[in-house]
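Asker: Structure for this input, please:
(chains A and B)
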Amino acid sequence: AQSVTQPDIHITVSEGASLELRCNYSYGATPYLFWYVQSPGQGLQLLLKYFSGDTLVQGIKGFEAEFKRSQSSFNLRKPSVHWSDAAEYFCAVGARSGNTGKLIFGQGTTLQVKP
Amino acid sequence: DGGITQSPKYLFRKEGQNVTLSCEQNLNHDAMYWYRQDPGQGLRLIYYSQIVNDFQKGDIAEGYSVSREKKESFPLTVTSAQKNPTAFYLCASSTGTSDEQYFGPGTRLTVT
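Answerer: Modelled structure (predicted):
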């Protein structure tokens, strides 16, 4: 069955420190991959996406993610975290075939930023 | 300004009442989706629609109903059959061809 795992439910980092949020997926083929961010009580905003090509993807707000096929991973990184990055982050996968547009979401990782 | 609107932001209902959540988009997207979000459970798909007048059940459709009479609109009705309706509900849309989904701001429903 298709699934997305975000192993870290909660992460705390100091402002200015680097960040890596993990995402592993189980899928029959290479899926489309997404990272979204959600501030409390708000909708989700797309940070970045991987469809094909370069496996290192740049997104908004200084985030990047690297697709590693051999590890079935799509980890999100940021070199220097800002206090405004505190939010919940969701990894999602979508099918390349079938065209339903459905996404499967991980359970989310809550990021807390210490001053 | 293109986007997705959901109304109201907060909704309160008594147990046993049906309630309808609104979702409108002006992105000209074919596909629309409804998710339920509970703490620690991520997003779970309730219903989705790839085209007007057609929709499919998602993973947790029991106790919910939808309609898709217009491309722009995809209202969700939470019926009295839904055992635990209190949650945060998110609507999304996409071009429907394995592209990213755009999300509305959400509606927090509280049933007492």
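Asker: which parts of stretch B:64-77 are buried?
Answerer: Of the residues in stretch B:64-77, those buried under the neighbour-count criterion (16 or more other CB atoms under 10 Å in any protein chain shown) are B:64, B:65, B:66, B:68, B:71, B:72, B:74, B:75, B:76. (C-beta placed from N, C-alpha, C; glycine too.)
Asker: which residues does the third one bridge with?
Answerer: Per DSSP bridges, the residues bridged to residue B:66 are residue B:76.
Asker: Between the two ends of stretch A:55-73, how far is it?
Answerer: 11 Å (CA to CA, to the nearest Å).
Asker: right, I mislabeled it, should have said stretch A:5-14
Answerer: The first and last residues of stretch A:5-14 sit 24 Å apart, counting by CA to CA.
Asker: Is it positioned near chain B?
Answerer: Yes: Stretch A:5-14 reaches chain B (CB under 8 Å from any CB of the partner chain) through residue A:9.
Asker: mind listing what's buried in that stretch?
Answerer: Of the residues in stretch A:5-14, those scored as buried under the neighbour-count criterion (16+ other CB under 10 Å) are A:6, A:11, A:13.
Asker: Save the buried residues of stretch B:64-77 as CSV, and put in pLDDT too.
Answerer: Converted to CSV, the buried residues of stretch B:64-77 look like this (pLDDT from 0 to 100):
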residue, pLDDT
B:64, 97
B:65, 97
B:66, 98
B:68, 97
B:71, 97
B:72, 97
B:74, 98
B:75, 98
B:76, 97
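Asker: Name the nearest of those residues relative to residue B:96.
Answerer: residue B:71 (11.1 Å; CB to CB).
Asker: and residue A:69, what are its phi and psi?
Answerer: Phi and psi for residue A:69, reported as degrees, to the nearest 10, are phi -60, psi -40.
Asker: ok, now which ones touch it?
Answerer: A:30, A:55 (CB atoms under 8 Å, 6 or more residues apart in numbering or on different chains).
Asker: what does residue A:91 give?
Answerer: Residues counted as contacts of residue A:91 (CB under 8 Å, 6+ apart) are A:4, A:6, A:21, A:23, A:25, A:33, A:34, A:35, A:74, A:76, A:105, A:106.
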